[in-house]
Each structure stands twice: as C-alpha cells, then as structure tokens.
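with the input below, show me the fold.
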Amino acid sequence: MTSVADTTARAAELRQRLTDANYRYHVLDEPNIPDADYDALMRELEGIEAAHPQLRTSDSPTLRVGAVPSREFATVRHAIPMLSLANAFSEAEVEDFARRIRERLGRDDLRFSVEPKFDGLAISLRYENAVFVQGATRGDGESGEDVTANLRTVKAIPLRLRSGKNENVPRVLEVRGEVYMPRAGFEKYNEAARASGGKVKPLVNPRNAAAGSLRQLDPRITARRPLAFYAYAVGVVEGFELPATHSAMMRQLGEWGFPVSKLIDTKRGVAGCLDYFRRIGAQRDALPFDIDGVVYKLDDLSAQAELGFVGRTPRWAIAHKFPAQEQVTTVEAIDVQIGRTGAATPTARLKPVFVGGVTVTNATLHNADQVARLDVRVGDTVIVRRAGDVIPEVVSVVMEKRPARTHAWKMPAHCPVCGSAIVRDAGEVVARCSGGLSCAAQIVQSIFHFASRRAMDIEGLGERYIEDLCELGYVKSVADLYRLSLDDLLEMKRRADARDGTTPETVRNGKIATKWAQNLIAAIAHSKATTLDRFLYALGIPDVGEATAKGLARHFGGLDALMAATAEELMQVPDVGPIMAAHIATFFGEPHNRRAIAQLRKTGVAWVESEPQREAQGPLLGKTGVLTGGLHSLTREQAKAKLEALGAKVAGSVSKKTSFVVAGSEAGSKLDKARELGVEVWDEARLLEFLRAHE
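Numbering: from 1, shown residues only. I've put the predicted structure just below:
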C-alpha cells in the first residue's frame, strides 16, 4: 500500500513535470512530451488531489488554465477569467457529465451546442463602440499577454464590427476564440522554409506555430504567418441584450463579422453528442485545420449561469478528446524508400508503438534536410505523430534520452533498389534515384505514365493491370509491354484472380476475358506509331511536361540529336532553364535509360523525325493563352495543339503575363481572374474565326 510520504512525493514530482512542460510549450515553444503523456500526468495529479485535498497547492497545474504570461509583453487582466474545460476521454465520462447536469437542474431534456475543439491558441478580443481595441492570450486564465498589434495582422479578425445600425452593436464586447494555422498554410510555409537553405526555420506543428506566431515581438513577422481565427464564446458584453442560447450567440457573432465554424451544431442528450463526436472524428483528417476533440456546451445560457463552476472549470461544458495521436518510441534504423517517382525518402524503423488507434513501426522523415533539422539518429527516443490514414511522421527527438556514441545520418549515394546514383539538384529539397525506367521501385508508375492518354495512349492498360503484370513477373521494363502475348495476358489474369481468391474471369466467361486481352494487345501495337514529343513526354523525364516535350521535339527534330545535346545546348530551347536542362542531360546520360530507349525502338516504337525548328513561327509567337470551360467544335487538347502550332504558349493558369483567355461554356474562376486582371477574353466563335484565318 502506498504511504502518505510516497503519495506526497509523487504529487510534487507531477507538479514539477507539468509545470516544466507548460513552460517549454507556452514560453519556449519547444514541447518535449506528446499530448497523451501530458494528459496522463494531469489526470494522475487530479486523481491524487481528489483523494487527498490537503496535497493541492495554490500553484498546482490543476488550478492553472495555461502558462504564466511572457515578460516580453504587457499584461492584460481578464475582466471575466478565461477558464479551461474538464476533459472526457470516454463515452462513460460524457454520460457522467450529462448526468450531473440533469441532477443539478432537475430535468432530462438537455440540448447542447457542439463544436470542434480547435488546436491553436485561445485569445480574447475586446471591442469598444464596434472597434477592436485590445487582444490578449489566455495566459493563466486570470491574466494574459497583450498581443493586440499581432492580432491586427490576422485578416480573419474584424477590426470593426459589421452592423447596419449602431444600436445593434454592444458598447463593449469581448469575443473569445482560437487563432490557428490551417494545414495548407503550415505545409506551404514549411516548404518555403526548407527551400530557404536554413534562412527560415521550419515550424514544428500547426498548433505550436500559431502560438509562436502570436508571440513575436515584431508584428511584421506575425503578418507573414498564415494564421486564421474562429470565434467560440463571449466574455464581457455591455449595452446589448444577450440571446437565450449559446448557439444563437454564435449566429449573432457571425452577423457581426466573426468567423464561426460551420461545424457548430446543436444536439439533444448524450446520444446526439456522441453521434456528433463520431461524425467529426470520421472527418478529422480531411478538415483543413487540426482539432483534438469536440466540445459540448449546455446551450441554455440561463442554465449555464445556474450551474456555475467547480474550481476553475465550468459545470456546463466539457471537452471530449480524441485518442492520442502522438507517442514516444525509439528509432531502430533509418532506411531510404524509393517512391514511384524516384523520390528518396528517409524512413525511421521504430520500436512498435500504438498511436491513434494503430500500431506504428515506420515513420517518414520526409527528406535529408528534415533529418538534419531534427538531428534524428539510430537509437534516439522520438515523438511520433499519426493523423488517421496519413503516414506517421517523426516530430522531434527527446535529446535528454539520446544514447552515447550515436552518429549523424547521411543520405546514401546509391539507390538501395537498383544501385543507380541518388542525386539532388541545387535548390531542390527532394533527392531522387536516377534509375528512371530501369528502377524496379519506379516501374509501375513509369509504365502508368508511359501508357497514359497524352503519352503513348495505350487504352485499357490501367494501374491495376500494370501492378499485376509487374508483380507476377510479366513486365520488368517498359519495353516488355511490347513483348506481351495474348496467352501472357490471359495467364496473368488467371493468376491474379487466384491470388486474390476470386473466381477467374477466364473461367466464368472466357469470351469476355479473351476480348479484353485482344483489345489490349491491339492497343499496345497501335501505340508503336507515335510522335517524338509524345515519346519524350512518355519517358517521364523530370520536369518535362507536354509543352516542353513539344519544344524539344521542334528544336532538335530527332531523338539522337537531343540525346547528344549538352546542358548548354538544351538551354537554347524556349522555357528550358538550367535546372530542367540538367535533369534532361542527366536522364539521357544514364546508361540504363539509353538501354531502355534502345529496347523500345527495337520493339518497333517509332515516329517521323523532321528538320530542327530552332525558332517558333506564327502570329501568336510570344503570346500566352489559357483555355477554360467546354468547347463544342473541338476538344481542349485540339484547341491547345492548334494554338501552339501558331506559336502560342498555352498555360494552365491566368496571370499578368497571360495574353488572352479562351472561355468556353461554364467557364469558372479562370474567367473571373482574367476579367479582374483585364486580360483579353475570346469566346469560341472568335477562336474558330482566328484559326480559320490562319489555316
């Protein structure tokens, strides 16, 4: 049995660990333990203090909402404390929460306002006579940091309330909500940071990024961060009669110009709340922002006032947390995985750990720069994060637990699959295997691209069939496609069906299976007669799209001349810069790529070559056009080809450099952008008239 002395010591230890974690997260912006561990420590301390009230101290983390305000900002004392919510981690705890409300109010019919629990930084916004005058962080609940200047840079926060009549606006209004960083903004920011060569430090995670961004002393730095805001409550309100329910108050905030989540809803009873929890949980990974649970609030504001608070948490609200998605484990090895596009991705092999509902044994390290930034080494203790079906990733290293005599990791020089060189071009983040068409790790994607409609156009050769052909050994290179026989395809289909445990289609209906195989053989044979630009695009040369392939074909006229070209000669082709030229030269310089091309030619793949056309001609030379909407007289691809034949470059998006936009039926945002920029717009009739005039 645990002694009083042991319990006292354990409580002191927990208080110290939680206080340290709060300081690292809120002040230093350097979290050192995952959320699951923090919650577990807090629950243990709450349990001890509930059983032994005499052990609760005035500075216990259980009485504290957040961290002590930074000394770098002025302190703002909240007129109404910004309190924290109690947490529920199971359906039983939610049922207990509702039961306590029913017993205190003496009624069973309970309606709750339900909403996502945003994973950002809680703030308060004060408005006087409809104008934003002050913003503060939650801090310790009683006092926070004055971050008014930084909050003014968050475009989602209105600087003046929207209202047609001044009497509809409170004299004083305090709005509470969450500043967060959307996932897309976070990824875009980090992508730019990693490409900066160390000039900009990548952000750890969206939640920490939001907190750190608002605590910048220079508001100009905050302004460069992609921050957003959602309102979820009010504090002080003067000169305005509050509605009867929380949900009505949220609608009123929306009318005043505050962003309010469209996911906010109202539900009856526990069953409705739990149904909402499961529904939002299923959507969680697809949402554009991070959430770590949902919040249930009694919707009736008068009932909220009647229930009041217990300690520093309201009796009328609770946060229902999702299962932990961060855990601690150790790195047993760091391997390199070669993706279908040749990207070389370092991957941590982990001691198995249960994260977010599944056992995780591997986690991505993204690229060599990320490994260096985190300084992940074999033997390290690391924090691993998983978001639903997203590949788990290593978030950070627990440096205090690093073993002695570890070594920094380096990207290997050669592909572990095919032995080709792993290359990384200057200015690029991703390293790639140069094996291309001959690398087994890339073969499925290489063939899928090779056979696509705009490349060799092998109709009927879908990705599933390609995977079966490769997995069962019928195809080991692109050229093997042209050596397939009817019997090969039928046998492959029988073996694939048997492997998958299904009745072979050739047994159920031999005529259908045979017809499929005959059609595919015919499509493969038909694809042998192609054009040089289609063939170049089909090869999958890094950065070489359709337009570049056409430019290369026109400029060199023949494949042999192109393969012999130096990077300097390649840069004479319009729109081919130094990086693209290096990619093309490297691709054709690899012996295995040359062998693959020779094998394709040997199987009968051919095209008509022409004299080099070193200067584009035509009335649209130097012009850039954009196609949008549907055309009736010709396809988009046909229109693009005709415009390019007249010297135009056809782009996929509208910009200030766009010369004209061809707008067909149901044209959308590109047409709007063209009008906004004053770009010339052609309808289909004008396009056809222009094409006829220059036939």
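
where does pLDDT dip in the stretch 51-200 of the chain?
Low-confidence segments of the stretch 51-200 of the chain (pLDDT under 70): 58-59, 63-72, 164-167.

in it, what residue spans correspond to strands?
All strands of the stretch 51-200 of the chain, identified by DSSP state E, counting those that start in this stretch, fall at 75-77, 86-88, 111-118, 121-128, 131-137, 143-145, 172-180.

check which helices and strands the fifth one sits against.
In this case it means strand 131-137. The contact analysis (3 or more Cβ pairs under 8 Å, 6 or more residues apart in numbering; DSSP states H and E) places strand 131-137 against strand 121-128, strand 143-145, helix 148-151. (Each C-beta comes from the backbone N, C-alpha and C, glycine too.)

if I've got this straight, residue 320 is in a strand?
Yes: under DSSP: H, G, I helix; E, B strand; the rest coil, residue 320 falls within a strand.

which non-adjacent residue is nearest it?
residue 88 (4.7 Å; Cβ to Cβ, 6 or more residues apart in numbering).

how far away is that neighbour from residue 230?
21 Å (Cβ to Cβ, to the nearest Å).

just to revisit the earlier point, how about the helices and strands packed on strand 131-137 in a markdown table, adding distance to residue 172 and mean neighbour count?
Shown next, in a markdown table, are the helices and strands packed on strand 131-137 (distance: least, Cβ to Cβ, whole Å; neighbours: other Cβ atoms under 10 Å):
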| stretch | distance to residue 172 | mean neighbour count |
| --- | --- | --- |
| strand 121-128 | 6 | 22 |
| strand 143-145 | 17 | 23 |
| helix 148-151 | 16 | 21 |
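
could you dump those into JSON lines with distance to residue 677 added?
Formatted as JSON lines, the helices and strands packed on strand 131-137 follow (distance: least, Cβ to Cβ, whole Å):
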{"stretch": "strand 121-128", "distance to residue 677": "35"}
{"stretch": "strand 143-145", "distance to residue 677": "42"}
{"stretch": "helix 148-151", "distance to residue 677": "32"}
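
and the ones you listed: which comes nearest residue 283?
With Cβ to Cβ as the criterion, residue 283 lies closest to strand 121-128 of the helices and strands packed on strand 131-137, at 22.6 Å.

check the offset of the closest one from the chain's centre.
Strand 121-128 sits 29 Å away from the centroid of its parent chain (Cα atoms, centre = their mean, to the nearest Å).

kindly report the same for stretch 330-343.
Going by Cα atoms, centre = their mean, where stretch 330-343 is centred and where its chain is centred differ by 20 Å.

for stretch 77-95, same thing?
Using Cα atoms, centre = their mean, the offset of stretch 77-95 from its chain centre is 29 Å.

that one: end-to-end distance?
35 Å (Cα to Cα, to the nearest Å).

check contacts around the closest residue to residue 438 other than its chain neighbours.
In this structure, residue 438 finds its nearest non-sequential neighbour in residue 592, 3.8 Å apart by Cβ to Cβ, 6+ apart. Applying Cβ atoms under 8 Å, 6 or more residues apart in numbering, we find residue 592 in contact with 418, 420, 435, 436, 437, 438.

so what pLDDT did residue 592 get?
Per-residue pLDDT puts residue 592 at 82.

would you say it is within a helix?
Yes: counting by three-state DSSP, residue 592 falls inside a helix.

ranges for the strands of the stretch 301-450 of the chain?
Using DSSP E, counting those that start in this stretch, strands in the stretch 301-450 of the chain cover 309-310, 313-314, 317-321, 326-338, 344-355, 358-364, 381-385, 393-397, 422-423, 432-433.

what's near enough to touch the residue lying closest to residue 452 once chain neighbours are set aside?
Once flanking residues are discounted, residue 452 sits nearest to residue 538: 7.7 Å by Cβ to Cβ, 6+ apart. By Cβ under 8 Å, 6+ apart, the contact set of residue 538 is 449, 450, 451, 452, 455, 456, 530.

if we go to 10 Å?
Contacts were defined as Cβ atoms under 10 Å, 6 or more residues apart in numbering; by that measure residue 538 touches 446-447, 449-452, 454-458, 478, 527, 530, 549, 600, 605.

which of those residues fall in strands?
Judged by DSSP state E, strands contain the following of those: residue 530.

I'd like the next helix or strand past the helix or strand containing residue 270.
Using DSSP states H and E, residue 270 maps to helix 269-283. Counting by DSSP H and E, the next helix or strand C-terminal to helix 269-283 is strand 291-298.

just want the angle from that next one to helix 269-283.
Between strand 291-298 and helix 269-283, the angle comes out at 160 degrees (axes from the mean of the first three to the mean of the last three Cα atoms, to 10 degrees).

quick check: mean pLDDT of strand 291-298?
Here the average pLDDT along strand 291-298 is 94.

pull out the buried positions in that strand.
Neighbour counts using 16 or more other Cβ atoms under 10 Å place 291, 292, 293, 294, 295, 296, 297, 298 of strand 291-298 among the buried residues.

same question for stretch 361-375.
363, 364, 365, 366, 367, 368, 369, 370, 371, 373, 374.

for stretch 485-502, same thing?
488, 489, 490, 492, 493, 495, 496, 497.

next one: stretch 535-546
For stretch 535-546, a neighbour-count test (16+ other Cβ under 10 Å) marks 535, 536, 537, 538, 539, 540, 541, 542, 544, 546 as buried.

can you check stretch 658-668 too?
658, 660, 661, 662, 663, 664, 667.

state the number of residues packed around the residue lying closest to residue 149 once chain neighbours are set aside.
Closest residue to residue 149 apart from its sequence neighbours, by Cβ to Cβ, 6+ apart: residue 219 at 4.4 Å. Residues lying near residue 219 (other Cβ atoms under 10 Å) number 16.

what of residue 619?
Neighbours of residue 619 (other Cβ under 10 Å): 11.

residue 32 too?
Neighbours around residue 32, by other Cβ under 10 Å: 17.

may I see the buried residues of stretch 399-419?
Neighbour-count burial for stretch 399-419 [16+ other Cβ under 10 Å]: 409, 415, 417, 418.

which residues touch the third one?
This means residue 417. Listed by Cβ under 10 Å, 6+ apart, the contact set of residue 417 reads 336, 337, 338, 344, 433, 435, 439, 440, 441, 442, 443.

how about the first one?
With contact set as Cβ under 10 Å, 6+ apart, residue 409 has these partners: 331, 334, 336, 346, 348, 365, 368, 371-372, 375-378.

also the last one?
Residues counted as contacts of residue 418 (Cβ under 10 Å, 6+ apart) are 338, 433, 434, 435, 436, 438, 439, 440, 441, 442, 443, 592.

cutoff 7 Å now
Residues near residue 418 by Cβ atoms under 7 Å, 6 or more residues apart in numbering: 433, 435, 438, 439, 440.

for residue 641, same thing?
Applying Cβ under 7 Å, 6+ apart, no residues contact residue 641.

ok, then the element right after whichever strand or helix holds it?
In this structure, residue 641 sits in helix 636-645 according to DSSP H and E. Next along the chain after helix 636-645, taking DSSP H and E as the criterion, comes strand 649-651.
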